[in-house]
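**Student:** Quick one, fold the following:
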Amino acid sequence: MLTFKNFNIADWFSFYRIAAAPVLLGLILLDVRLIFTWLLLISYLTDAIDGFLARTLNIASPRGSQLDSFGDQITLIIGLIGLFYFETEFIITHIILILIAFIPYVIQMILAYIKYGKATSFHTYLAKLSAVMQSIFILWSLFFYPNLTLFYVMIIIGILETVEEITLIFLYKDWASDVKGIYWALQDKRRIRNELSK
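**Tutor:** Sure thing, here's the model as predicted:
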């Protein structure tokens, strides 16, 4: 039976991000930009910490991967809500480009739920790079001001990452976690094919 005793230290960092979300949302409603931004920074740092701990302590698991992904998604959503609230003019000015990047992400989520019944947790290199760029852009915008170069880089990497995720959904019949990218997925499929042909 699954109890809280079964969760490891990396899982608890993911739980922190999930638990912090309503607090961060409350800070947005209270219009407390600086405290919101510092706590959002801490949430982003826990994302780096839980992944490091899972790899270093060899405690990675499909459950932990799902928790991490959920924590990432909810933190991203809260960060975007904060960005929209505190930098409304910038968001409205660039809404078309944001939608161009966001709509494929929604399509990817729908495809994942149709095929696997849950969100993907591929955690590819490109996904990690995209998450880093998103956090850098959001934090820079909230601490200072929206930087257009960071914004365009974030959008481009985000679109590429979403295309990769959609491709991996079609490549993997069953839900899989911690796939490095399309190249490695194709290598795995080739290896499995070779083993079956022996």
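**Student:** Go ahead and confirm S135 touches G79.
**Tutor:** Yes. Counting by CB atoms under 8 Å, a contact exists between S135 and G79, whose distance comes to 7.3 Å. (Glycine included, C-beta is placed from N, CA and C.)
**Student:** Restrict the helix or strand of the chain with the lowest mean pLDDT to CA atoms and write it as CSV.
**Tutor:** Among the secondary structure pieces of the chain, namely its helices and strands, helix 182-197 has the lowest mean (mean pLDDT, DSSP states H and E), a mean of 83. Output for helix 182-197, consisting of C-alpha atoms alone and laid out as CSV, is shown next (Å, rounded to 0.1, in the frame of the first residue of the first chain):
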residue,chain,number,x,y,z
ILE,A,182,14.2,11.5,-30.3
TYR,A,183,17.7,10.2,-31.2
TRP,A,184,17.8,8.1,-28.1
ALA,A,185,14.3,6.9,-28.6
LEU,A,186,15.1,5.7,-32.1
GLN,A,187,18.2,4.0,-30.8
ASP,A,188,16.1,2.1,-28.1
LYS,A,189,13.6,1.0,-30.8
ARG,A,190,16.5,-0.2,-33.0
ARG,A,191,18.0,-2.1,-30.1
ILE,A,192,14.7,-3.7,-29.2
ARG,A,193,14.1,-4.7,-32.9
ASN,A,194,17.6,-6.3,-33.1
GLU,A,195,17.0,-8.2,-29.9
LEU,A,196,13.6,-9.5,-31.1
SER,A,197,15.2,-10.6,-34.5
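**Student:** Just the buried residues of that helix, please?
**Tutor:** Within helix 182-197, the residues that count as buried by 16 or more other CB atoms under 10 Å are 182, 185.
**Student:** who touches L150 in this structure?
**Tutor:** Taking CB atoms under 8 Å, 6 or more residues apart in numbering as the criterion, L150 is in contact with 133, 136-137, 140.
**Student:** Which members of these are positioned in helices?
**Tutor:** Judged by DSSP state H, the subset of the contacts of L150 located in helices is 133, 136-137, 140.
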